[in-house]
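Undergrad: would you be able to build a 3D model of this:
(chains A and B)
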Amino acid sequence: EAQVTQNPRYLITVTGKKLTVTCSQNMNHEYMSWYRQDPGLGLRQIYYSMNVEVTDKGDVPEGYKVSRKEKRNFPLILESPSPNQTSLYFCASSLGQGLSYEQYFGPGTRLTVT
Amino acid sequence: GEDVEQSLFLSVREGDSSVINCTYTDSSSTYLYWYKQEPGAGLQLLTYIFSNMDMKQDQRLTVLLNKKDKHLSLRIADTQTGDSAIYFCAERRYSSASKIIFGSGTRLSIRP
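TA: The predicted structure follows:
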């Protein structure tokens, strides 16, 4: 089944403790992206990647890192999480970055930083 | 600005039509999307419309685009309890095809 998976689905952590949220897709998609969803703000893009070893900042990249060493995986790294990074995070992928390509979303990771 | 705006809540009676509205700001927007998010799930693409179209219909869904007013709407005919969800309007611009700009989402609730 074609899908985007994220792990973990839920995470509660403390300020400053490094964490990684994994994202994997099995559709051989080139384009992958991370979003955060906050009440009343919709989804805001954190980082995106157009292919292996090609990443770029989205609208809200501060406090996050990403890597794209393989086509299928696009982990999101929080080196020193802070409470303002408490949010719902979505990974998405699409065949390309062109306008007509549909983005497929993962199920989301709910992160709480205390 | 970059805003895509939607009202936050909509309540309709089961069997009635739901109309969810959205306004966007960039006239260069090329693709406009409607996504559905059910509780605890990711976003699912419902439908999209290219900016040279005025209307698109797909079963119970009708999308209307008014380019002059930069207004997009999603009409759901014969609304069912399974339509309860958050609906996001989103735009993708020719100038920055690498990102999609989302509205804040409209929570649709169905009353009996």
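Undergrad: from B:Gln57, how far off is the residue nearest the centre of chain A?
TA: When Cα atoms, centre = their mean is applied to chain A, the residue found nearest the centroid is A:Trp34 (2.9 Å). Here the criterion is Cβ to Cβ, to the nearest Å. By it, A:Trp34 lies 33 Å from B:Gln57. No exception for glycine: its C-beta is placed from N, CA and C like everyone else's.
Undergrad: cool, B:Asp83 as well?
TA: Distance, B:Asp83 to B:Gln57, using Cβ to Cβ: 16 Å.
Undergrad: ok, the two, which is more surrounded?
TA: Neighbours per residue, other Cβ atoms under 10 Å in any protein chain shown: of B:Asp83 and B:Gln57, the larger number sits with B:Asp83, 18 against 12.
Undergrad: enumerate every residue touching the residue nearest to that one when sequence neighbours are not counted.
TA: Of all residues not flanking B:Asp83 in the chain, B:Ile76 sits nearest, at 5.7 Å (Cβ to Cβ, 6 or more residues apart in numbering or on different chains). By Cβ atoms under 8 Å, 6 or more residues apart in numbering or on different chains, B:Ile76 lies in contact with B:17-20, B:60-61, B:83, B:108.
Undergrad: again, only using 6 Å
TA: By Cβ atoms under 6 Å, 6 or more residues apart in numbering or on different chains, the contact list for B:Ile76 reads B:18, B:60, B:83.
Undergrad: all strands of chain A, in order?
TA: Taking DSSP state E as the test, the strands found in chain A are A:4-7, A:10-13, A:19-25, A:31-38, A:42-51, A:54-57, A:65-66, A:76-78, A:87-94, A:104-105, A:109-113.
Undergrad: show me how far the fifth one is from its chain's centre.
TA: Right, strand A:42-51. Centroid separation between strand A:42-51 and its chain, computed with Cα atoms, centre = their mean, to the nearest Å, is 7 Å.
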